[in-house]
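Colleague: Provided below for reference: sequence and predicted model.
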Amino acid sequence: MTTLNPSMTVICPSGILNAESAASFEQQLISAMQSNHGGELVVDMSNVESLDNAGLVSFMSALNNAKQTSTRLRICSAPPSVRIVFELTQLDRIFTMVDQFPVAVAA
């Protein structure tokens, strides 16, 4: 977890988000939102190889938590193998997904 400024935190998961790793990932997301209440949480998916149902459940839980804490949740740099999972489940309509890490954040 990286805090770029007082109102933005970036999480960079890697590998496979599945039943084995989802609980830890979900806790990391929720912890970031609680420490950055009302800010922005960016999940950089560039190092994630694949995502299954358990990984999606983690994102849904995080989205519910984001609404409760007034946190803006964005997913960026999802590789095609991950993005297709969001598209097939139509969750790309619910989550804010951007192709690249926000330029304003990197600057």
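Modeller: That came in fine, so what should we check first? Note that this is a predicted model, so its numbers are computed, not measured. Numbers count the residues shown, from 1 in each chain.
Colleague: Isn't Met33 up against Leu41?
Modeller: Yes: if you go by C-beta atoms under 8 Å, Met33 and Leu41 touch, sitting 5.8 Å apart. C-beta here means a position set from N, CA and C on the backbone, and glycine is covered the same way.
Colleague: Mutual contacts of the two, please.
Modeller: Overlap between the neighbourhoods of Met33 and Leu41 consists of 62, 66, 71, 73, taking contacts as C-beta atoms under 8 Å, 6 or more residues apart in numbering.
Colleague: State the phi and psi torsions of Met97.
Modeller: Here the main-chain torsion angles of Met97 (degrees, to the nearest 10) amount to phi -120, psi 130.
Colleague: That one and Arg72: what is the separation?
Modeller: Met97 sits 13 Å away from Arg72, taking C-beta to C-beta, to the nearest Å as the criterion.
Colleague: Give me the more crowded residue out of the two.
Modeller: The residue with more neighbours, out of Met97 and Arg72, is Met97; 19 against 14, by other C-beta atoms under 10 Å.
Colleague: Specify the beta-bridge partners of the more buried one.
Modeller: For Met97, the beta-bridge assignment (DSSP bridges) gives partners Ile75.
Colleague: what residues are up against it?
Modeller: The neighbourhood of Met97, defined by C-beta under 8 Å, 6+ apart, consists of 74-76, 78, 83, 86.
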